[in-house]
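S.K.: no sequence for this one, just the structure:
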């Protein structure tokens, strides 16, 4: 009986110690948040905003040291060539980087939003547009047979904006609607999307009938001030992995 009481007392002591330890850890984490200047999250929206911001900065950090002059697809060979149609710089994440937890989380969210399997997506491309740079209106679907061999046609595009404080640099859809909008400081017909860090645009290059959609033509308006960073995820008819 005496041994049982001693054992019970020890278990109670250990349990209380664990509870106190957990409370001290929570207090430490809370103070760490406050000292870092990050307020204690009152709701999930604040957490989402911070997470998206960190993801944007993460992709920019990976891309910056590997940026090269952007190319366009040659309709005859299917290979990338330099062109004055597109004046940005960019890079593609590698297959190994695709396995990184943060990149996997981004790709999973794109898959859920677009309802297209992750394995149907190309590697993420990160782009930087500096002042006076642009991308003339174009289609994302292929006009050659070379690129159709792996994964089939591009059916959708997820365009993600990675930076703020950009003047100009809108994504321009000239055949979307009958309104007018500002594209690089010029009023044009169609629809323009202002680049805002953490935002994304999903549009389709093919219809449900499997035909390419000419109305999906779009371009990157001239950047007037700042740097426009974006990440592009193209999705195919079949697996690309």
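M.R.: Yes, it's here. Please read these numbers as outputs of a predicted model, since none were measured by experiment.
S.K.: my guess is residue 198 contacts residue 54, does it?
M.R.: No: taking Cβ atoms under 8 Å as the definition, residue 198 is not a contact partner of residue 54, at 10.0 Å. Where C-beta positions appear, they are placed from N, C-alpha and C, glycine not excepted.
S.K.: Looking at the two, which one has more neighbours?
M.R.: Remark: of residue 198 and residue 54, residue 198 carries more neighbours, 17 against 11, as counted by other Cβ atoms under 10 Å.
S.K.: ok, now which ones touch that one?
M.R.: Listed by Cβ atoms under 8 Å, 6 or more residues apart in numbering, the contact partners of residue 198 are 49, 52, 53, 56, 161.
S.K.: name the element the second one belongs to?
M.R.: Secondary structure assignment for residue 52, by DSSP states H and E: helix 44-63.
S.K.: Which residues outside that helix are in contact with it?
M.R.: Residues from elsewhere that reach helix 44-63, judged by Cβ under 8 Å, 6+ apart: 38-39, 41, 90-91, 93, 97, 102, 105-106, 124, 126, 128, 160-163, 197-198, 229, 231.
S.K.: From those, list just the buried residues.
M.R.: Buried subset of the contacts of helix 44-63 (neighbour count, 16 or more other Cβ atoms under 10 Å): 90-91, 93, 106, 124, 126, 128, 160-163, 197-198, 229, 231.
S.K.: Helix, strand, or coil at residue 112?
M.R.: Following DSSP: H, G, I helix; E, B strand; the rest coil, we place residue 112 in the helix state.
S.K.: Equivalent analysis for residue 195, please.
M.R.: Per three-state DSSP, the secondary structure class of residue 195 is coil.
S.K.: In contact with it: list those residues for me.
M.R.: Residues near residue 195 by Cβ under 8 Å, 6+ apart: 161, 163, 166, 169, 170, 171, 228, 230.
S.K.: cutoff 7 Å now
M.R.: 161, 166, 169, 170, 228, 230 (Cβ atoms under 7 Å, 6 or more residues apart in numbering).
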